[in-house]
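>>> All I have is the shape, not the residue letters:
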């Protein structure tokens, strides 16, 4: 059995290695920003969930979700990002938000 982590690395031009490092640092910074932005988004959606629970509103809002998906697809297209990918990402986020809202509603009944 071979271990790919111990395989010898081909000689790479130091300039290429430096550019890879620079790009990967940028990717790491962007990933950190995405995580922090998602955390802020979920803080807001938690507040929405509590407001909905207090006023007996349903956890899901299909009309808003549809508008948000269309809006995000347009933003993605303008940013040269695959709109289908953006929609999949938002659908995942929406499903998590709804799950949280359902849990908040359930907890508020106790």
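Thanks, I have it. Small disclaimer: the values here were computed from a predicted structure and weren't measured. Residues are numbered from 1 along each chain as shown.
>>> Output the below-cut-off pLDDT ranges for this protein.
Across the chain, the stretches falling below the confidence threshold (pLDDT under 70) are 1-6.
>>> The same query, at a cut-off of 90, please.
Counting by pLDDT under 90, the chain shows low-confidence ranges at 1-12, 109-110.
>>> Tell me which other helices or strands the longest helix along it touches.
Across the chain, the longest stretch assigned as helix under DSSP state H is helix 14-54. With contacts defined as 3 or more Cβ pairs under 8 Å, 6 or more residues apart in numbering; DSSP states H and E, the packing partners of helix 14-54 are helix 83-108. Yep, even glycine has a C-beta here, placed from its N, CA and C like the rest.
>>> follow-up on the earlier one: chain center to the longest helix of the chain, what's the gap?
8 Å (Cα atoms, centre = their mean, to the nearest Å).
>>> Following the chain onward from it, which element is next?
helix 62-78 (DSSP states H and E).
>>> which parts of that following helix are buried?
Under the neighbour-count criterion of 16 or more other Cβ atoms under 10 Å, helix 62-78 has 65, 68-69, 72-73, 76 buried.
>>> In terms of distance to residue 103, which of these ranks first?
residue 65 (17.9 Å; Cβ to Cβ).
>>> Can you give me the distance of the closest one to residue 16?
Counting by Cβ to Cβ, to the nearest Å, the gap from residue 65 to residue 16 is 44 Å.
>>> hang on, the earlier thing: what angle do the longest helix of the chain and helix 83-108 make?
Following axes from the mean of the first three to the mean of the last three Cα atoms, to 10 degrees, one obtains 40 degrees for the angle between helix 14-54 and helix 83-108.
>>> isn't residue 102 right up against residue 59?
Yes: counting by Cβ atoms under 8 Å, residue 102 does reach residue 59; the two are 4.7 Å apart.
>>> more neighbours, those two?
Neighbours per residue, other Cβ atoms under 10 Å: of residue 102 and residue 59, the larger number sits with residue 59, 18 against 15.
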